[in-house]
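In: This is the structure alone, sequence omitted:
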């Protein structure tokens, strides 16, 4: 079985507090974009989880989030025949704040639910995925959604109005645990206008959404190229710019396609990982 899984951006990301278990309570407005990895899951006769991927740096063992998702699925049902082969075709950049690994994990859960005919509702799949990674529930749902807590509460909302989204990942990886540690070390945090953002998203108010986009990680995570990338996007006519997730990827939102293409072309001359996207209405598409 083969699916396409979508990358995501955070139109808003605010961290409310650190929980007793070490995790954090989050407020996020998440958005799927039409940049996809392809996940293929087939049964094999070797009774083990095999991962195949040609992209350098992707672990093809139990360290990969797709392996952890498969294990979590099998354990949830007491399935002993774990003979599957997962093939990953990467397009979403890694360690970028765009949920590349989480999207892949969501795709595996989706496929296993079909292959093993367990017929789990999406909510139950989200519960399994949420125990593996905070972004997996959203990646299963996709579209535009308010996400709360550790990411397991996903409330779909009004689709983002039609626009163009440019993603640019500088040559830097950001460790999510390190990003949270840096946030926890801040003495003062400027929190975002969450209520106004919810109202704007629900109303599909493009201008208001763009005016409220933000990410508190920008106060904690150092990305030296971020000001330059934002500057190029703004000069090209971006209506909003912000960092996605814990970074380092920066996105710009454009109402005008020519402006988006201008930013894409300029950034592509300096950075290797630049993408011109549109909002996607779902996180997983069967092929």
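Out: Happy to help now that I have it. Quantities reported herein were computed from a predicted structural model and do not represent experimental measurements.

In: for stretch 184-201, which positions count as buried?
Out: 192, 194, 197, 198, 200, 201 (16 or more other CB atoms under 10 Å). Backbone N, C-alpha and C define where each C-beta goes, glycine included.

In: Can you read off the pLDDT for the fifth one?
Out: With respect to pLDDT, residue 200 scores 98.

In: thought it was touching residue 194?
Out: No. Here residue 200 does not reach residue 194: they are 10.7 Å apart, not a contact under CB atoms under 8 Å.

In: which residues of the stretch 51-200 of the chain fall in helices?
Out: 65-77, 100-115, 122-130, 136-141, 176-184, 194-203 (DSSP state H, counting those that start in this stretch).

In: Using TSV, lay out those helices together with distance to residue 154.
Out: Below are the helices of the stretch 51-200 of the chain laid out as TSV (distance: least, CB to CB, whole Å):
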stretch	distance to residue 154
helix 65-77	16
helix 100-115	11
helix 122-130	6
helix 136-141	5
helix 176-184	19
helix 194-203	14
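
In: Looking at these, which is nearest to residue 271?
Out: When the helices of the stretch 51-200 of the chain are compared by CB to CB, helix 100-115 sits nearest residue 271, at 16.8 Å.

In: Tell me the helices and strands packed up against the closest one.
Out: For helix 100-115, the elements it packs on are strand 2-18, strand 24-43, helix 65-77, strand 84-89, helix 122-130, helix 136-141, strand 284-286, judged by 3 or more CB pairs under 8 Å, 6 or more residues apart in numbering; DSSP states H and E.

In: let's see it at 7 Å
Out: Counting contacts by 3 or more CB pairs under 7 Å, 6 or more residues apart in numbering; DSSP states H and E, helix 100-115 packs against strand 2-18, strand 24-43, helix 65-77, helix 122-130, helix 136-141, strand 284-286.

In: Which neighbouring elements make contact with the fourth one?
Out: The one in question is helix 122-130. Packing partners of helix 122-130 (3+ CB pairs under 7 Å, 6+ apart): helix 65-77, helix 100-115, helix 136-141.

In: for the second one, same thing?
Out: In terms of contacts (3+ CB pairs under 7 Å, 6+ apart), strand 24-43 is packed against strand 2-18, strand 84-89, helix 100-115, strand 144-149, helix 194-203, strand 273-277.

In: Could you tell me which residues make contact with residue 255?
Out: 163, 206, 239 (CB atoms under 7 Å, 6 or more residues apart in numbering).

In: try it again with 8 Å
Out: The contact partners of residue 255, by CB atoms under 8 Å, 6 or more residues apart in numbering, come to 163, 164, 206, 239.

In: for residue 132, same thing?
Out: Residues counted as contacts of residue 132 (CB under 8 Å, 6+ apart) are 65, 68, 69, 72, 105.

In: gap between the first one and residue 132?
Out: To tie it back to what came earlier, the one meant is residue 65. 6 Å (CB to CB, to the nearest Å).

In: Mutual contacts of the two, please.
Out: Common neighbours of residue 65 and residue 132, counting by CB under 8 Å, 6+ apart, are residue 105.

In: neighbours around residue 121, how many?
Out: Neighbours of residue 121 under the rule other CB atoms under 10 Å: 9.

In: what do you get for residue 22?
Out: 9.

In: do residue 274 as well
Out: Around residue 274 there are 21 residues (other CB under 10 Å).

In: re the thing from before, got a winner among the contacts of residue 132 for most neighbours?
Out: In terms of neighbours by other CB under 10 Å, these top out with residue 105 at 31 neighbours.

In: wait, it sits on residue 68?
Out: Yes. Judged on CB under 8 Å, residue 105 makes contact with residue 68 at a distance of 7.1 Å.

In: shared neighbours of the two, which are they?
Out: Taking CB under 8 Å, 6+ apart as the contact rule, residue 105 and residue 68 both touch 132, 133.

In: what packs against the lowest-mean-pLDDT helix or strand in the chain?
Out: In the chain, the helix or strand scored least confidently by mean pLDDT, DSSP states H and E is helix 176-184, which has a mean of 92. With contacts defined as 3+ CB pairs under 8 Å, 6+ apart, helix 176-184 has these neighbours: strand 2-18.

In: mind listing what's buried in the strand it packs on?
Out: 3-15.

In: now swap in stretch 67-82 and tell me
Out: Result for stretch 67-82 [16+ other CB under 10 Å]: buried residues 67, 68, 69, 70, 72, 73, 74, 76, 82.

In: No more questions from me, cheers.
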